[in-house]
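In: This is a predicted model, with the sequence first.
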Amino acid sequence: MKVKVKFFASLTEVFGDREREVELGEGARIKDLLDALCDSSRCRQNVFDDSGKIKMRIQIMKNRMPIQSFDGISTRLEEGDVISIIPPMFAG
Amino acid sequence: MLKGGYWGKILWVDLSSKKISEATFDEAFARKYLGGVGLATRIVSEHVTRNTNPLGPGNVLVFATGPYQAANIASAGRCSCAARAPLSGYWGEANAGGHIGPELKRAGFDAVVITGRAANPVYLWINDGKAEIRDASSLWGLDAVETTAALKESVDAKAAVSCIGPGGENLVRFACIANDNHGYFGRGGMGAVMGSKNLKALVIRGTLKPPIADEGKLREVYKDVLSRAKDAPFTKDNAEHGQASAVVPREENGLLPMKNFTMDNWTEGAAKIGAPHFTEELQIKRWPCPSCIMGCHRRITNPKYFPADTGGPEFETLGMIGSNLLIDDLGAIVRANEMANRYTIDTIDLGGVLGWAFECYEHGLITKEDTDGIALEWGSGDALVKMTEKIARREGIGNLLAEGLRACVEHIPGTQLYAQESLGQTVGAHDPRAFWGQTITTIASTRGGCHLHGFAEAFDLGALLPEIGITEGTDRFDVAKKGYAGAIYQDIQQFWNSLTWCFFYFFSGVTLADQVNMLNAITGWDVTPAEAQKMGERIVCMQQVFNLNMGMVPEKENVMQERFTKPHKEGGAAGKVPPWQAILQEYWETKDWTKGVPSKAKLAELGLDKLEAKKALSDAVARDYKKD
Ligand code: SF4
């Protein structure tokens, strides 16, 4: 199955893309997608902390809803899902 | 004895009697009220009563630095300004960048307090421990850019200039104050207070070296703080694109205001006004506050957009006069922003009153006959620019809009739904349906509608305060601890505004422990993070008591705006509405306030029992702000 990934702000430079289509096996979850995306140590460092957890200030959304509203990094993906990854971002 | 961070001196200027004097304070006072907004809260609370007209000579206008302005450190290029707000009639405060803070400190004062009203236009010249009231008749009517240039040329090219343009002179109730055309005391109408006092500008130059208790320790702590802040991802984004970097992501997660908070998506529009297009098209350069390594303020260098002599639009401006009005014409936004900066009117409230007016126009409640032929159509950059001029000059319908949202609703009854305000002040460009952590600042900020009085969006996003027990955030749509976080982040924000410090550094990894360590090195104190929170709590509590004294009824005022009680259908906040009553209740319980009124025990605990409590508890009655 294919999902679309959207990168925002500084992550567009880190991942070298604004949008990307990713091919995943059936039943894939967010963590599988992140493993597929983070193919360099720089990418990993921008998404995961030292203990391998997703950095707290990173927002990951499935179809514009935070993955915490589903099943966190175990959230299942389906054909056509749009995943947004937003770096630490504050506006005042 | 004050060992560092303060001179212990407040400059008092009575413009009516032309009397200039000094007040002093000691270490106990400094440690209780800290500086910046804390110091200003103490002074305004003491001198303003319910009978004080915000635009009368009795109002007290305070410009206050904190201990950080004594040190030459990144984040300290800030200052606080406060008075009874002409926009709301309640507590008014603004915090801004520019040279005024560090310059005032180097001039030998921690704060300057202005009372009375000058017979003719004047400016105040403050220089190395001395002050002088000077004639400004020839400057009256000039905009902020012209005024700043004239004063730098005639007085001192290196001086900090904080001034008003026609918006402040015309007493627009949301007039701001321009600091060197770069930072703005935006909220609450502080520029109108200046205008009401016939005070055109403050011109400040200082060459004195403020005392630092332990310079070596400060440098050691600061070196470590700086190295971490430099490498933080937020520093990079904020430096490269400024606050425009947040527009596109904030549309994605549903926070951006769109069509007066009624629309769900505006993806293409957001891309046209936000970064990276914003940065490339305007040929943006950084324009940092003094000593700042991030420099989120923007300087436009593409001549196509000239004149652009003032700070370029930031997130709140792009949101409130851009997406909020569905205007994707960056040229029109830049133009209106430049006009607002020159005329000195706040772009958040400008967007708020125009959102109301555009919606009234859509429903036929305002017509071209009311607007001198201007079609207030969503997306019209032309209408934005023309209305900005009308408001600043109080021409035609601009005279109504210049009075703020409550006066607008009073003028066309039944339009409260179109007015996104609290205490009469427009809420910022942060839809609370998208981040439930924003609930408290949206409905219960002491300065009225605001996105920063308890910026618990940070809690939703995992920018935490482990030093005082906040080690885990909750998802933006999870109600758990939202009221608690609203209370604690509000305390901490007021601690920051008293230091006086730029809170963006918090998102670049400068922790509460770092902030306290720097404070202690500057002052020679042994403040703990818990005490820092208490300091903030005391300040918020004093502001709440001030509002009660002015007649605020919390149960009536701390209510979610109707528009935010219905969900978006689509987009990043689809189907979500914060359960605001539960959040508010938890907030009041955390504060130990009964229905918004601080308990006697809490006031005693905070050392506020003598001065403020009696008035607060006996005086809280409904208040008609128009007749005050
Ligand atoms: S980050 Fe922005 S607001 Fe903060 S001190 Fe730097 S330039 Fe000023």
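Out: Looks like it arrived, so ask away.

In: okay, CA-based contacts and neighbour counts for the rest of this
Out: Fine.

In: Can you list phi and psi of residue 24 for me?
Out: Picking chain A for this. When read as degrees, to the nearest 10, the backbone of residue A:24 gives phi -130, psi 160.

In: nope, chain B
Out: Taking degrees, to the nearest 10, you get phi -120, psi 160 for the backbone angles of residue B:24.

In: tell me the mean pLDDT over the longest helix seen in chain B?
Out: Ranked by residue count, the top helix of chain B under DSSP state H comes out as helix B:529-549. Helix B:529-549 shows a mean pLDDT of 97.

In: Need the contact partners of that helix.
Out: B:32-34, B:37-38, B:41-42, B:45, B:49-50, B:90-91, B:446, B:467-468, B:488, B:490-495, B:512-513, B:516, B:596-598, B:603, B:606, B:608, B:612-613, B:615-616, B:619-621 (CA atoms under 8 Å, 6 or more residues apart in numbering or on different chains).

In: Please save the CA atoms from the strand or helix carrying residue B:491 in PDB.
Out: Residue B:491 is located in helix B:482-499, with elements delineated by DSSP states H and E. What follows is the C-alpha trace of helix B:482-499 in PDB, where atoms were taken according to Å, rounded to 0.1, in the frame of the first residue of the first chain:
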ATOM      1  CA  LYS B 482      -5.300  21.300  30.800                       C
ATOM      2  CA  GLY B 483      -6.700  23.500  33.600                       C
ATOM      3  CA  TYR B 484      -3.700  22.700  35.800                       C
ATOM      4  CA  ALA B 485      -1.300  23.400  33.000                       C
ATOM      5  CA  GLY B 486      -3.100  26.600  32.100                       C
ATOM      6  CA  ALA B 487      -2.600  27.800  35.700                       C
ATOM      7  CA  ILE B 488       1.100  26.900  35.900                       C
ATOM      8  CA  TYR B 489       2.200  28.100  32.500                       C
ATOM      9  CA  GLN B 490       0.400  31.400  33.300                       C
ATOM     10  CA  ASP B 491       2.500  31.700  36.400                       C
ATOM     11  CA  ILE B 492       5.700  30.900  34.500                       C
ATOM     12  CA  GLN B 493       4.800  33.300  31.700                       C
ATOM     13  CA  GLN B 494       4.500  36.100  34.200                       C
ATOM     14  CA  PHE B 495       7.800  35.100  35.800                       C
ATOM     15  CA  TRP B 496       9.300  35.400  32.300                       C
ATOM     16  CA  ASN B 497       7.700  38.700  31.700                       C
ATOM     17  CA  SER B 498       9.200  39.900  34.900                       C
ATOM     18  CA  LEU B 499      12.700  38.700  34.300                       C
END
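
In: Report the angle between the helix or strand following that helix and helix B:529-549.
Out: The C-terminal neighbour of helix B:482-499 among helices and strands, as given by DSSP H and E, is helix B:512-523. Regarding helix B:512-523 and helix B:529-549, their directions subtend 90 degrees when assessed with axes from the mean of the first three to the mean of the last three CA atoms, to 10 degrees.

In: Next, the angle helix B:482-499 makes with helix B:512-523.
Out: Going by the same axes, to 10 degrees, helix B:512-523 makes 20 degrees with helix B:482-499.

In: gap between helix B:512-523 and the chain center?
Out: Shown here is helix B:512-523, whose average C-alpha point lies 24 Å from the average C-alpha point of the whole chain (CA atoms, centre = their mean, to the nearest Å).

In: so the most centrally placed residue in chain B bridges to which residues?
Out: A centroid search over chain B (CA atoms, centre = their mean) returns residue B:94, at 3.7 Å, as the residue closest to the centre. In this structure, residue B:94 has the following beta-bridge partners (DSSP bridges): residue B:81.

In: which residues does it contact?
Out: For residue B:94, counting by CA under 8 Å, 6+ apart, the contacting residues are B:80-82, B:185-188, B:190.

In: can you pull the pLDDT of residue A:5?
Out: Confidence at residue A:5, expressed as pLDDT, is 98.

In: Neighbouring strands - and their directions - for whatever helix or strand it lives in?
Out: For residue A:5, the host element (DSSP H and E) is strand A:2-7. Paired with strand A:2-7 in the same sheet, following DSSP bridges, are strand A:19-23 (antiparallel), strand A:82-86 (parallel).

In: Need the ones you listed in a markdown table (columns: distance to the ligand and mean neighbour count).
Out: Rendered in a markdown table, the data for the strands paired with strand A:2-7 read as follows (distance: least, CA to the nearest ligand atom, whole Å; neighbours: other CA atoms under 10 Å in any protein chain shown):
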| stretch | distance to the ligand | mean neighbour count |
| --- | --- | --- |
| strand A:19-23 | 29 | 14 |
| strand A:82-86 | 20 | 22 |
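
In: Any chance of TSV for the ones you listed, columns distance to residue B:399?
Out: Compiled in TSV, the strands paired with strand A:2-7 are given as follows (distance: least, CA to CA, whole Å):
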stretch	distance to residue B:399
strand A:19-23	47
strand A:82-86	42
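
In: Please render the ones you listed as JSON lines that adds mean pLDDT to the earlier fields.
Out: Conversion of these to JSON lines gives the following (pLDDT from 0 to 100):
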{"stretch": "strand A:19-23", "mean pLDDT": "96"}
{"stretch": "strand A:82-86", "mean pLDDT": "97"}
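
In: Okay, buried residues for stretch B:136-144 please.
Out: Going by neighbour count (16 or more other CA atoms under 10 Å in any protein chain shown), the buried part of stretch B:136-144 is B:136, B:139-144.

In: gap between it and the chain center?
Out: The offset between the C-alpha centroid of stretch B:136-144 and the centroid of the whole chain comes to 25 Å, using CA atoms, centre = their mean.

In: Can you pull out the residues in contact with that stretch?
Out: Under the criterion CA under 8 Å, 6+ apart, residues B:120-123, B:147, B:163-166, B:169, B:178, B:181, B:200, B:341-344 lie in contact with stretch B:136-144.

In: Please repeat the previous calculation with a cut-off of 6 Å.
Out: The set of residues external to stretch B:136-144 that reach it, using CA atoms under 6 Å, 6 or more residues apart in numbering or on different chains, is B:121-123, B:164-166, B:342-343.

In: residue furthest from the geometric center of chain A?
Out: Of all residues in chain A, residue A:92 sits farthest from the chain's C-alpha centroid, using CA atoms, centre = their mean; the distance is 24.9 Å.
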